[in-house]
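Chemist: Provided below for reference: sequence and predicted model.
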Amino acid sequence: QVQLVESGGGLVQAGGSLRLSCAASGRTFSRSFMAWFRQAPGKEREFVGRINWSGRGTDYADSVKGRFTISRDNAKNMVYLQMNSLKPEDTAVYYCAATRGSNWGGGPDYWGPGTQVTVSS
C-alpha cells in the first residue's frame with residue numbers, strides 16, 4: 001500500500017522556520033516527481049513546489065520562492081520542505097504528493113493526509 005506521511009508541522013512565529021518531512025512507503029519514488037501543496041482555510045489547494053527525481057530540478061510558487069526549499073533523499077524515500085521567513089499567510093495544511101512516474105503530466109497521483117502549519121503574527 002502506497003503511503004505518504006507528512007510530519008514537522010506546528011505553530012511558529014512570523015519570521016521563524018519549520019522543516020516538513022514526508023516519508024514515502026509502499027513503493028520506490030526514486031523516479032517520481034515529489035511535490036508540496038497547501039490549502040488555507042476557505043481557499044483552494046495550491047501548488048507550493050516540486051522536485052524532480054534527481055533532485056537537481058525544482059520549481060516553486062512565486063509566493064514562496066526564495067524562502068522555501070525542497071530537497072529529497074531517494075535512499076530513504078524522503079522529501080523535505082524547509083520553510084524560512086514564515087509569514088502568517090503561509091498558514092495552511094501542507095500536503096506531500098508524488099507522481100507515479102518520472103513525468104509531471106497531469107500532476108500527482110499520490111497524496112499524504114497533510115500536516116498543519118500555523119504562523120502567528
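Modeler: Arrived safely, thanks for sending.

Chemist: Surely Tyr110 is in contact with Tyr95?
Modeler: No - Tyr110 is not in contact with Tyr95 according to C-beta atoms under 8 Å; the separation is 10.4 Å. Quick note: C-beta positions are derived from backbone N, CA and C, even for glycine.

Chemist: Nearest the geometric middle of the protein, what residue?
Modeler: In the chain, the centroid-proximal residue (C-alpha atoms, centre = their mean) is Trp36; its distance is 2.5 Å.

Chemist: Contact partners for that one?
Modeler: 20, 22, 48-50, 68, 70, 79, 81, 94-97 (C-beta atoms under 8 Å, 6 or more residues apart in numbering).

Chemist: Swap in 7 Å and give it another go.
Modeler: Neighbouring residues of Trp36 by C-beta atoms under 7 Å, 6 or more residues apart in numbering: 48-49, 70, 81, 94-96.

Chemist: just Pro113 next, same as before
Modeler: Counted by C-beta under 7 Å, 6+ apart, Pro113 has zero contacts.

Chemist: Now do the SS call for it.
Modeler: Secondary structure, DSSP: H, G, I helix; E, B strand; the rest coil: Pro113 is coil.

Chemist: Give me the local confidence score for it.
Modeler: Looking at Pro113, its pLDDT is 98.

Chemist: Now do the contacts for Leu81.
Modeler: Applying C-beta under 7 Å, 6+ apart, we find Leu81 in contact with 20, 36, 68, 70, 94.

Chemist: And for the residue nearest to it when sequence neighbours are not counted, the neighbour number?
Modeler: Nearest in space to Leu81, with sequence neighbours left out and distances taken as C-beta to C-beta, 6 or more residues apart in numbering, is Leu20 at 4.2 Å. Counted by other C-beta atoms under 10 Å, the residues lying close to Leu20 total 23.

Chemist: any idea where the strands of the chain begin and end?
Modeler: Secondary structure of the chain (DSSP state E): strands located at 3-7, 10-13, 18-25, 34-39, 46-51, 58-60, 68-73, 78-83, 92-98, 110-111, 115-120.
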